[in-house]
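1. Let's see this in three dimensions:
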Amino acid sequence: MKRFSFLLSLCLMPLLTFGADAVKHVDAEKAAKLVAEGKVTVLDVRTADEYQEGHIKGAKNVDIMEKDFAKKLESMDKSKPVLVHCQAGGRSTRSLPTLEKLGFTEIYHLDGGLGGWVKEGKPVEK
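-> Predicted structure coming up:
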């Protein structure tokens, strides 16, 4: 039984770590630097109403709660780094497997979401 467990763990380990390096978690300061340098496409996964209340300049809004969320992402350039966020981090965290599955190769997650961005005094536009 021990040998079976060991072999099973060897087989499952790559699955558990798949994509672990694809996502880089960044704070508002690092995210603002990436945005200012034009190095990322900003993906705001909040609702359209939330987006209109205030968003990071140039952000693309694709609501994760919509049925066609993945389909809307398919048209994006997957070779360009993407910075994904929501309001606090929950919905954007849920979007990460979809982004990886669709082939996005460099993903940045804004930890703390737009709330953290605003708390750090970073600009939003309406």
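
2. quick one, phi/psi of L34?
-> Phi and psi for L34, reported as degrees, to the nearest 10, are phi -60, psi -40.

3. If I look at the residue nearest to it when sequence neighbours are not counted, what pLDDT would I see?
-> With C-beta to C-beta, 6 or more residues apart in numbering as the criterion, L34 has its nearest non-adjacent residue at 4.7 Å, and that residue is V40. In short, each C-beta sits where N, CA and C put it, glycine included. Per-residue pLDDT puts V40 at 97.

4. List the buried residues of stretch 77-94.
-> 78, 82-87, 89, 91-93 (16 or more other C-beta atoms under 10 Å).

5. Just the ones in strands from those residues, please.
-> Counting by DSSP state E, the buried residues of stretch 77-94 place 82-85 in strands.

6. could those residues be laid out in CSV, adding pLDDT and distance to L73?
-> Below are these laid out as CSV (pLDDT from 0 to 100; distance: C-beta to C-beta, whole Å):
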residue, pLDDT, distance to L73
V82, 98, 9
L83, 98, 14
V84, 98, 10
H85, 98, 15
